[in-house]
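Asks: model the structure of this input:
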Amino acid sequence: MFLRKNARFALGAAGGLIAGYLYWRFVGCSSGTCPISSNPYVSMFWFALIGLLLVPSKKNSKKAES
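Replies: Okay, the predicted model is just below:
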């Protein structure tokens, strides 16, 4: 029931995790001094957070329809 109500947020976070891993893998940081892209876990965390923030809430989507 909890997952069903928050499926959009879970999908946003999952998409962010995938995007964060792909960013680390293909763009990354060769010197290891970049704070976000030098570690895959940090990169995946920040992209998952961005994915959560990009998911619209139900209140905003209802206002846009009317």
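Asks: make it CA atoms for all contacts and neighbour counts henceforth
Replies: Noted.
Asks: against L54, how distant is F2?
Replies: F2 sits 20 Å away from L54, going by C-alpha to C-alpha, to the nearest Å.
Asks: these two - which one has more neighbours?
Replies: Just comparing F2 and L54: by other C-alpha atoms under 10 Å the higher neighbour count belongs to L54, 13 against 6.
Asks: show me what counts as buried in stretch 6-26.
Replies: Counting neighbours by 16 or more other C-alpha atoms under 10 Å, one finds that the buried residues in stretch 6-26 are 9-10, 12-17, 19-21, 23-24.
Asks: now stretch 25-32
Replies: For stretch 25-32, burial by neighbour count (16+ other C-alpha under 10 Å) applies to 28-29.
Asks: endpoint to endpoint, it covers what distance?
Replies: Note: stretch 25-32 ends 13 Å apart using C-alpha to C-alpha.
Asks: longest helix anywhere in the chain?
Replies: Looking across the chain with DSSP state H, the single longest helix is helix 7-26.
Asks: what comes into contact with it?
Replies: 3, 37-41, 43-52, 54-55 (C-alpha atoms under 8 Å, 6 or more residues apart in numbering).
Asks: and it, average pLDDT?
Replies: On average, the pLDDT along helix 7-26 is 93.
Asks: what's the first helix or strand after it?
Replies: Sequence order places helix 40-54 as the next helix or strand after helix 7-26, per DSSP states H and E.
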